[in-house]
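A.B. asks: I'll drop the sequence and a predicted model, then ask my questions.
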Amino acid sequence: MLQIRLLGILQLSVAGNILPVLPTQKAVGLLGYLAVHSGKELSREHLAELFWPDRPRVNARRSLHTALWQIRSVLKETGLNPDDFLVTTSSTVTWTPQVECWMDVPEFEKAATQASPQMLQNAIDLYRGSFLSNVYEDWCLEERYRLEAYYLRALTKLITHYLSGNRFTRAMETSRLLLKADPLNEIAHRAIMTAHYHLGNRSGAIEQYNDCVRLLRKELNIDPSEETRGLYQSILDERITYTEPVTGSLSPETLEKSLRHQSIASEKHLEDTGLFGREREYQSLTEWWEKGSEMVAVLKGEQGVGKTRLAQEFVRRLQSTGVSIGWGRCLPVGQGVPHFSIRMALLDLISNIPPAVRASIPEWQAAEISRFVPELADVFGIKTISGTQQLDQNQIFSAICNVVSTISKSVSILFVLDDIHWASKSTFHLLEFLVRYLLSVQTGANQKVCILTISSDTTQLINQTISLVRLRRDHLVRDIMISNLLPEDVSQWIISASGGAKNAKRLADALYNKTLGNPLFIRETLGALIGDGKLRTDNVTWEGPIMKTGPLRLPLATSIQQLIEARLQPLGAKAVETIQAAAVIGTYFDVHEVQLILGREEQPIFKDLEELVAAHIIEVNAPPKKHEFEFSHHLIQQAVYEMILPPARALLHRKMARKLIEERGERAASRILYHYRNSSDFEAFVRWAVIAARQAIGLSDYATAAAVLQEAEEIGAKIQIPAVSMLEIIHLLGESYTFIHDREKIYAYAKIYAEMAQQMNVSGWQETSARWMRIARLATGELAQM
């Protein structure tokens, strides 16, 4: 029987005899890739592009042929028939063993997800090292990180088991394995401290704590967590008691769940809501919530197709069954602060849960989540909280997971994140962490927790982040597509909206022909025609100048901008000025912010806003939302914004930025940066980019920080900012990429930083560059060869 060991360096064996090593790393990687995709027909084009992306197509295909020949040759050397394992055609390659074959990866995954200590130990024994540790392909790195998460989780479970059973020697041995894999893991440090103390070695426990302190300060420049410091103090006071560790780490396994929730009443008709033509999509949402195994649903479709409207109706009905909702909205790049949508959703959820449920949240959880969402301090009645800048990624993620887990013991939860295509990679990372954490702790005592996301991009979102790819791979995401309305749906909508008025079918057909069934275009077109006096209804008939023509030819706009311009024409000049100022501010805005730009009194602005609400251009927000108003659709905000001449836009942005600096200072750094980005004030943009990036780093949103800093680097080079300012940007970029684990970027910025810092005689540059290079090597596995 052929045995394939992919954990560690690739090892092939038959009857205990190890086969010769494959001659090239590409052949090793190819065999590993084929093996983990056993039974799947893979195209030669895909394999050639995956393993030889930089070579011409013909050369890449030839290299693939050579690597397959090398694999076949090694199998033949031991008397195995390659055709029993490899099925190849002119266009495909499939690893599909026809004889008995054993592979360590599936056995490891199966054992690592069991609760039995013996099975967990089996998993640890199978883990000879990181997945294909001498292969550095990108696909391999992702699989390596995934399997490493299983390994770390299995070690943590075993440590818990051994400490609970007072088997302190075994706990220490297992903890040292965990430290070997993850030297900064405080759970392992605490377990060794606990084991030393209970084995009578108090000085060993103290020494372990000191090692932990030195390591964290050296690598991360931070102190141990409060939990670790508390254990150390207990050891000093000789009053230690063991409590089961809470990992707060990724839980890769999907545990069987018993989810109790109220069923949604089955309804055949949606006429009362105006969601015509959405019965099928609504039913898909209902089935996902009630019966689906996926924790995440992605509602996808083009802009204006009615995704948010459908989600709102679904939420309304869920709320009637007692489900608690947390609604957040991602903002276009630059308009919001890091993790804005998550903060908004948590504020919405916690502000509106029943008081008894909110009272069940422990004080320490309330304090932690209020540091991430400062607005919750008032909700919990907390007088003083620390700044969010002091939170690292683990604290943020753990705070969210803990409070959501606590709430879910009392009520089912649905998070809704609108416009998810604008979310940063860090936000996706946080969502993945939350999903896997909740799966790991889900028990019969917990209610249902799901996440509904809404995306206007049907292609980019799929490839935007590896977090979503991993969730899809693990069957934790369900896609629900929404398309334009059919002609009969538009007819039903118009007929119902006018009480069956005469000419409704004729009008509906004309609307469909011009809009192709896009609900937003239909709604805005009707609004513009009625506002212009060209169309009206008395619930008996549709009439007006437009209806008196022969064949009904509606003067429909070709873009949403033209529609909005037509809608604004009946309004006064001051109302137009007000809405344009609001469009410069962003999707959300307050009256006071409009005042800052226009310098007008509050009362006239309120009067303008009332007109705009009546015209359905904007909507009034109810608490706990932070801002008083928002545009009824982000396309409307974009259309109004584009109506402003570019020089006037730049002036308004610059004015708003300066007003925000006067009133809020660095607390509004992200918004100030947004306005300077659009004001052509490049020096100010670079200056505030650094401030905003530091804040993003403080919230562990390294992807956003890197994006902002790269923009600042490019602009800074063009306007020739001082070398010391550029060095600061380069330093922050390098630090950000070490957390993102982008090895190419780390290498590049380590080199740039070293050259600049050496020329400027900056002390400590060698240590910084060396640390970055070490992190890059860890990401690629190079240290395994040293």
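C.D. replies: Noted; the coordinates are in hand.
A.B. asks: Next, the buried residues of the strand or helix carrying Ala770.
C.D. replies: Take DSSP states H and E as the rule and Ala770 turns out to sit in helix 765-780. Within helix 765-780, the residues that count as buried by 16 or more other C-beta atoms under 10 Å are Trp765, Thr768, Ser769, Arg771, Trp772, Met773, Arg774, Ile775, Ala776, Arg777, Ala779. Where C-beta positions appear, they are placed from N, C-alpha and C, glycine not excepted.
A.B. asks: List the contacts of it.
C.D. replies: By C-beta atoms under 8 Å, 6 or more residues apart in numbering, the residues outside helix 765-780 that reach it are 136, 141, 219, 731, 734, 738, 741, 743, 746-747, 749-751, 753-754, 757-758, 783.
A.B. asks: Can I get the buried part of those residues as one PyMOL selection?
C.D. replies: Filtering those down to the buried ones (16+ other C-beta under 10 Å) takes a single PyMOL command:
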select buried, resi 136+141+731+734+738+741+743+746+747+749+750+753+754+757
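A.B. asks: In helices only, show me the contacts of helix 765-780.
C.D. replies: Using DSSP state H, the subset of the contacts of helix 765-780 located in helices is 141, 219, 731, 734, 738, 743, 746-747, 749-751, 753-754, 757-758.
A.B. asks: all helices in the stretch 401-550 of the chain, in order from the N-terminus.
C.D. replies: Listed in chain order, the helices of the stretch 401-550 of the chain (DSSP state H, counting those that start in this stretch) span residues 425-441, 460-464, 466-473, 487-497, 504-515, 519-531.
A.B. asks: That should have said the stretch 101-250 of the chain, apologies.
C.D. replies: Taking DSSP H, counting those that start in this stretch as the test, the helices found in the stretch 101-250 of the chain are 104-112, 117-126, 138-164, 168-181, 186-198, 202-219, 226-237.
A.B. asks: Please parse this protein into its domains.
C.D. replies: 2-99, 108-237, 271-480, 487-556 (automatic domain parsing).
A.B. asks: quick one: which of these is nearest Ile672?
C.D. replies: Of all these, domain 271-480 sits nearest to Ile672, with 10.2 Å by C-beta to C-beta.
A.B. asks: Can you give the distance of stretch 303-312 from its chain's centre?
C.D. replies: Its chain's average C-alpha position is 21 Å from that of stretch 303-312, according to C-alpha atoms, centre = their mean, to the nearest Å.
A.B. asks: Endpoints of that stretch, how far apart?
C.D. replies: 16 Å (C-alpha to C-alpha, to the nearest Å).
A.B. asks: hmm, who's touching that stretch?
C.D. replies: 275, 278, 281-282, 285, 299-301, 416, 418, 452, 454-456, 482-484, 518-521, 560, 633, 635.
A.B. asks: So which of those residues belong to strands?
C.D. replies: Leu299, Lys300, Val416, Asp418, Leu452, Ile454, Ser455 (DSSP state E).
A.B. asks: From these, which shows the smallest pLDDT?
C.D. replies: Of all the ones in strands among the contacts of stretch 303-312, Ile454 carries the smallest pLDDT score, 73.
A.B. asks: count of residues packed around Gln759?
C.D. replies: 11 (other C-beta atoms under 10 Å).
A.B. asks: mind checking how far it is from Ala717?
C.D. replies: 16 Å (C-beta to C-beta, to the nearest Å).
A.B. asks: now do Ile636
C.D. replies: 37 Å.
A.B. asks: More neighbours: those two, which one.
C.D. replies: Remark: of Ile636 and Ala717, Ile636 carries more neighbours, 24 against 11, as counted by other C-beta under 10 Å.
A.B. asks: Just give the number of residues close to the closest residue to Ser483 other than its chain neighbours.
C.D. replies: Distances taken as C-beta to C-beta, 6 or more residues apart in numbering put Gly301 closest to Ser483, at 6.4 Å, once the chain neighbours are dropped. Using other C-beta under 10 Å, Gly301 has 21 other residues around it.
A.B. asks: related to what we said a few turns ago, need the helices of the stretch 101-250 of the chain in CSV (columns: distance to Thr96 and mean pLDDT).
C.D. replies: Output for these, formatted as CSV (distance: least, C-beta to C-beta, whole Å; pLDDT from 0 to 100):
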stretch, distance to Thr96, mean pLDDT
helix 104-112, 15, 90
helix 117-126, 23, 90
helix 138-164, 20, 83
helix 168-181, 33, 90
helix 186-198, 41, 90
helix 202-219, 45, 88
helix 226-237, 49, 86
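A.B. asks: quick one, which of the ones you listed is packed in tightest?
C.D. replies: Mean neighbour counts were compared across the helices of the stretch 101-250 of the chain using mean count of other C-beta atoms under 10 Å; the top stretch is helix 186-198, at a mean of 25.
A.B. asks: and it, what other elements does it pack with?
C.D. replies: Contact partners of helix 186-198 among helices and strands, from 3 or more C-beta pairs under 8 Å, 6 or more residues apart in numbering; DSSP states H and E: helix 138-164, helix 168-181, helix 202-219, helix 226-237.
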